[in-house]
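Visitor: requesting a structural model of the entry that follows:
(chains A and B)
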2 protein chains.
Amino acid sequence: MSVTAPRGFRAAGVVAGLKDGGIRDLALVVNDGPSRAAAGVFTRNRVKAAPVLWSQQVLKGGRVRAVVLNSGGANACTGPAGFQDTHATAEKAAELLEDSAGEIAVCSTGLIGERLPMDKVLAGVEAAAAELSRGDGGLAAADAIRTTDTVAKIAFRSGDGYMIGGMAKGAGMLAPSLATMLCVLTTDADLDAAALDRALRAATAVTFDRLDTDGCMSTNDTVLLLASGASGVTPDEAAFTALLTDLCADLARQLLVDAEGAAKAIAIEVVGAASEDDAVAVGRAIARNNLLKCAIHGEDPNWGRVLSAVGTTDAVFEPDELNVAINGVWVCRNGAVGDDRDKVDLRPRDVSITVDLSAGKHSAVIYTTDLTADYVHENSAYST
Amino acid sequence: MSVTAPRGFRAAGVVAGLKDGGIRDLALVVNDGPSRAAAGVFTRNRVKAAPVLWSQQVLKGGRVRAVVLNSGGANACTGPAGFQDTHATAEKAAELLEDSAGEIAVCSTGLIGERLPMDKVLAGVEAAAAELSRGDGGLAAADAIRTTDTVAKIAFRSGDGYMIGGMAKGAGMLAPSLATMLCVLTTDADLDAAALDRALRAATAVTFDRLDTDGCMSTNDTVLLLASGASGVTPDEAAFTALLTDLCADLARQLLVDAEGAAKAIAIEVVGAASEDDAVAVGRAIARNNLLKCAIHGEDPNWGRVLSAVGTTDAVFEPDELNVAINGVWVCRNGAVGDDRDKVDLRPRDVSITVDLSAGKHSAVIYTTDLTADYVHENSAYST
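Guide: All right, here's what the predicted structure looks like:
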C-alpha cells in the first residue's frame, strides 16, 4: 500500500538503468488532489545535495504535485551542473503531468560526487509517468528508492475517516538529522500546509530524528508529507499528529533493524534528566560510542563505556549519582558497581540500555545499532 | 631510556599479578631531585577515575616525588572505596620512600568498574620500590603500563645541557582529551611548576590532544611532567616547550600507529580556516566519521564522506568553496568533482587528507586511523 494507501495518490517504480543489475531505481509519486498542500523537513548538513536545495525551494510554496526519487546517485557535491540536472528532472515530470516544475520535489540517494546520467533519468521519469497506478505503484516506488536497504520500508495507518501512508529508505548514515533517509508520507486528510508542517516536525523530532546508527549525517535527508484532501475530512490536529508519529515510528523501526551490518537493535532510554535536551544529548553520546557499540556486539555488558560516554556531555548530573541498567539489570548504581553483570542476557537482538541521571523528570529514547565487522565490510567497499 | 634518560630519576616495572600471564603490570617512577616541580593534564571526561581525582589534588601542590602506575584495572566507577584504594597506594609508596603521600601521583588503566586487588597492588609497589634503577627501570616501567598496546612507547630528546624523557601507553579510546593514555614525562631541567604547566599544556594541545582514533574519551587520561633540576640548567622556556612538543609528537605518533586494529594512519590537515578552532573542529568531525574511516580502510578515496562530515560543523565555509585532496590528488574542487579519483593511491599505510575551507589563514592537523573489522573484534571481546 505504501504511499498509495490514501486516496488521491498514484505512484510508480521503474528500472531507469542508474543502478546495475536491471533493478528498479526511479520512483514517481503523484498527488491528484483536490488539495496539494505539503510540508518537508531536510538534512541539517550544511553540505546539501542539489535535490535538497531544489526541494527546499519547492516546499516554501507549501504545495507539491509530485515527487521524483532516484537511487543510484545522490547528486551531491556536483556543483551548478548538478543543480541543473535536478531542475531538468522536475521540468520533465512537470511536462508529463502538464503542471509546474515549481511544485515538483526531487529526492536522490546514492554515491556523493558523481553526476547522474541524465538521459537515463529523464527516460525513467517518462516510463514512471506511464506506469502510475494506485495498486502496485506504491510498493514498486518503495522498492525503487532502496540503496543498501535489504527490504522496502512501507507502512500505513487509518484515522477517523482518513488514512496516512508512507515509504522510506535508509540503512547507513542514519544520524542526527533524520538519517540518510528519504521518506514520502501521504494522506487524504484535508489539512493546510502550516498544519502539515507542524505535524511533520513534531513527528520526525521524536522518531527519525532519534535514530543514530553511526553518527554520520547525510547530505540528502528528506521527509515529505503530501496531503490530497481526497477524503474530505479535516482531522483534529493533535489526533493527526499522533497517528503520523506512530507511522513514522514504525518506519524508523524498519530502518533501524535493517541498518547496515547491524546485529543488535539498541534502545537507549535516558531518564531522570533535567531537560529533554539533556536526555537526547546523553542518549546520542552513548549511541555514538564505538567502544560501547563493539561491546554490545560482543554481548558484553560493559557499562563503564556507558559512563565514559555520559561523562563527555554537558548534561546536568553528578558522576556518583548515575545508574545504568542493561536489559533490566542495574549493573551500575551511584556511579559504581551495582548488580552482578553476569545476570545480563545480551543474546536477544533487541537490547535496552537505561541511564538514570538522577537530575530531574525528563526522558528520551535514542535508537542505535551495534558496530560490527559487517558494517566495516559493507562501508569499505561501497563505492569501489 | 624512557623516563630515566634525564638525571635524577629512577624507575621500575614489576609483575604484580593484576593481569594474567605473569607479565609486568605495575610501574614506579621516582624523582630524586633536587627539585620535584611538576605539572599535569587530565581527561576532560566528567566521569573521572579515582586516580585522576587523587592526582589532580596532588598536582595542585606543583610537586611530585613519585608516580605509581598500574595496568590491569582502571579503578574508575568504583565509588568511595576505589578512591580509598588509590589513597592507600600512594601511602604505601610514601612509606617506602619515606616521603609524603600528598606528593605521590597515581595512574591506572584497564577495565572500568572493577575494584583493584589491593593486596597485589601494595605488594607490587613494594617490589617496584626494591627494583628502582636508572638503567633497565625506564623500559620496564614503560612495559608495565601497556594494556592492548603491542609495544612499549618511549622517547627522549636532548636539549642544551638538559634532557627530556618519556613513556606512554594507549591504543584504544584515543580521543578529544588526550586519549586513554597515560604518559609520564621527565626532565633534569630546572623549571618551576608554573613554567612546566605552561610548557605541558602547549605541548599536549597540539600533539596528544589532536589524536582522535575513535572519538571515545577516557575516564583515566593523565599526562605528567616531572622536573628533577639535576642538570642545574634552566632552559629558555620557548626552547624547552619546543623540545617537549617534539617529544610528545613522537610519542603521539607511536600511539597512532599502534592503535587497536588500525591498518592506516591518517593525517587530516585542515587549511584555509577562519580560526585554529575551526580547523580543529573540522578535522575532528572528519576523524570521527565512521563511514569515511571504513572507506579509507577499503582504500576508497570517497571524498563525498569528507564533505558530508565538514557539513556537520559550525566552521566558517561555503559549501561551493571547499577543496579536498587525498594523498595529494585534489579530488574535490569548489565543492564538486575535481581531479580523477582513480589517481589516488591509497595502498600506503600513511594517508593524508587535506581540506581547504577557503575561509582564512589558519590550519591544524588531526590524526586518526581507519575503522577495521579488527577494531570491532578487539573491542567486542575486551572484558569477556
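Visitor: what packs against the lengthiest helix in chain A?
Guide: Once chain A is assigned using DSSP state H, the helix that runs over the most residues is helix A:237-257. Here helix A:237-257 touches strand A:153-158, strand A:163-169, strand A:182-187, helix A:193-205, strand A:362-369, going by 3 or more C-beta pairs under 8 Å, 6 or more residues apart in numbering or on different chains; DSSP states H and E. Every C-beta, even on glycine, is put in place using the N, C-alpha and C of the backbone.
Visitor: the residue of the stretch 201-350 of chain A found nearest chain B is in what secondary structure piece?
Guide: Across the stretch 201-350 of chain A, the shortest distance to chain B (C-beta to the nearest C-beta) belongs to A:G304, at 2.5 Å. Remark: A:G304 resides in helix A:303-310, with elements defined by DSSP states H and E.
Visitor: mind saving the C-alpha coords of that helix as PDB?
Guide: Extracted in PDB, the C-alpha atoms of helix A:303-310 (Å, rounded to 0.1, in the frame of the first residue of the first chain):
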ATOM      1  CA  TRP A 303      28.700  -0.400  31.500                       C
ATOM      2  CA  GLY A 304      31.900   1.500  32.100                       C
ATOM      3  CA  ARG A 305      31.800   2.500  28.500                       C
ATOM      4  CA  VAL A 306      28.300   3.900  29.000                       C
ATOM      5  CA  LEU A 307      29.500   6.100  31.900                       C
ATOM      6  CA  SER A 308      32.500   7.300  30.000                       C
ATOM      7  CA  ALA A 309      30.200   8.400  27.200                       C
ATOM      8  CA  VAL A 310      27.800  10.100  29.600                       C
END
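Visitor: just to revisit the earlier point, burial measure for the residue of the stretch 201-350 of chain A closest to chain B, as a count.
Guide: Burial measure for A:G304: 27 neighbouring residues, criterion other C-beta atoms under 10 Å in any protein chain shown.
Visitor: low-confidence regions, chain A specifically.
Guide: In the prediction, chain A carries residues with pLDDT under 70 at positions A:171-180, A:381-384.
Visitor: which residues of it fall in helices?
Guide: In chain A, helices defined by DSSP H lie at A:50-60, A:79-97, A:118-131, A:137-144, A:193-205, A:237-257, A:276-287, A:290-297, A:303-310, A:373-380, listed in chain order.
Visitor: tell me what the third one is packed against?
Guide: Helix A:118-131 sits against strand A:9-14, strand A:26-31, strand A:66-70, helix A:79-97, with contacts defined as 3+ C-beta pairs under 8 Å, 6+ apart.
Visitor: nearest to chain B among the ones you listed would be which one?
Guide: Closest of the helices and strands packed on helix A:118-131 to chain B is helix A:79-97, at 3.4 Å (criterion: C-beta to the nearest C-beta).
Visitor: pull the residues that contact that closest one.
Guide: Outside helix A:79-97, the residues within contact range by C-beta atoms under 8 Å, 6 or more residues apart in numbering or on different chains are A:28, A:30, A:49-51, A:53-54, A:58, A:65-66, A:68, A:75-76, A:78, A:99-101, A:103-106, A:108, A:115-116, A:118, A:121-122, A:125-126, A:129, B:320, B:334-337.
Visitor: and those, which of them are buried?
Guide: With neighbours counted using 16 or more other C-beta atoms under 10 Å in any protein chain shown, those contain these buried positions: A:28, A:30, A:49-51, A:53-54, A:58, A:65-66, A:68, A:75-76, A:78, A:101, A:103-106, A:108, A:116, A:121-122, A:125-126, A:129, B:334-337.
Visitor: can I get the helices and strands packed on helix A:118-131 in TSV with distance to A:T241?
Guide: Supplementary listing: the helices and strands packed on helix A:118-131 in TSV, determined by distance: least, C-beta to C-beta, whole Å:
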stretch	distance to A:T241
strand A:9-14	20
strand A:26-31	20
strand A:66-70	22
helix A:79-97	29
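Visitor: who wins for proximity to B:R349 among those?
Guide: In this view, those are compared for proximity to B:R349 by C-beta to C-beta, and helix A:79-97 is the closest at 33.2 Å.
Visitor: before we move on, back to that, residues contacting the residue of the stretch 201-350 of chain A closest to chain B?
Guide: A:G304 is in contact with B:74, B:76-77, B:111-113, B:219, counting by C-beta under 8 Å, 6+ apart.
Visitor: any idea how many residues pack against the closest residue to it other than its chain neighbours?
Guide: Nearest in space to A:G304, with sequence neighbours left out and distances taken as C-beta to C-beta, 6 or more residues apart in numbering or on different chains, is B:I112 at 2.5 Å. By other C-beta under 10 Å, the residues close to B:I112 number 24.
Visitor: spatially central residue in chain A, please.
Guide: Within chain A, the residue whose C-alpha comes closest to the C-alpha centroid is A:M181; the distance, by C-alpha atoms, centre = their mean, is 4.2 Å.
Visitor: right, and that one touches A:F208 too?
Guide: Yes: applying C-beta atoms under 8 Å, one finds A:M181 in contact with A:F208, separated by 6.4 Å.
Visitor: what residues do these two have in common as contacts?
Guide: Jointly contacting A:M181 and A:F208 under the rule C-beta under 8 Å, 6+ apart are A:223, A:255.
Visitor: OK, contacts around the closest residue to chain B within the stretch 101-250 of chain A?
Guide: Proximity to chain B, evaluated over the stretch 101-250 of chain A using C-beta to the nearest C-beta, is greatest for A:I112 at 2.4 Å. Contact analysis of A:I112 by C-beta under 8 Å, 6+ apart lists A:49, A:74, A:76-77, A:219, B:302-305, B:307-308.
Visitor: over to A:L182?
Guide: The neighbourhood of A:L182, defined by C-beta under 8 Å, 6+ apart, consists of A:69, A:107, A:109, A:145, A:168-170, A:220-223.
Visitor: out of those, which end up buried?
Guide: Applying 16+ other C-beta under 10 Å to those, the neighbour count classes A:69, A:107, A:109, A:145, A:168-170, A:220-223 as buried.
Visitor: can I get those in CSV with distance to A:G360?
Guide: Listed next are those as CSV, based on distance: C-beta to C-beta, whole Å:
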residue, distance to A:G360
A:L69, 42
A:C107, 39
A:T109, 39
A:I145, 41
A:A168, 33
A:K169, 37
A:G170, 33
A:N220, 36
A:D221, 31
A:T222, 35
A:V223, 30
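Visitor: rewinding a little: please point out which parts of the longest helix of chain A sit buried.
Guide: The neighbour-count check on helix A:237-257 (16+ other C-beta under 10 Å) flags A:240-245, A:247-257 as buried.
Visitor: rewinding a little: now the residue nearest to A:G304: how far from A:N302?
Guide: 8 Å (C-beta to C-beta, to the nearest Å).
Visitor: ok, now A:D119?
Guide: 53 Å.
Visitor: for these two, indicate the residue with more neighbours.
Guide: A count of neighbours by other C-beta under 10 Å puts A:N302 above the other of A:D119 and A:N302, at 25 against 10.
Visitor: what is the neighbour count of the residue nearest to the more buried one when sequence neighbours are not counted?
Guide: Excluding the flanking residues, the one nearest A:N302 by C-beta to C-beta, 6+ apart is A:A295, at 3.9 Å. Around A:A295 there are 27 other residues, counting by other C-beta under 10 Å.
Visitor: wait, A:A295 touches B:E378, no?
Guide: No: counting by C-beta under 8 Å, B:E378 is not a contact partner of A:A295; they are 11.1 Å apart.
Visitor: got JSON lines for the contacts of A:G304, with distance to B:I154 too?
Guide: Formatted as JSON lines, the contacts of A:G304 follow (distance: C-beta to C-beta, whole Å):
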{"residue": "B:A74", "distance to B:I154": "22"}
{"residue": "B:A76", "distance to B:I154": "25"}
{"residue": "B:C77", "distance to B:I154": "30"}
{"residue": "B:L111", "distance to B:I154": "25"}
{"residue": "B:I112", "distance to B:I154": "26"}
{"residue": "B:G113", "distance to B:I154": "30"}
{"residue": "B:T219", "distance to B:I154": "25"}
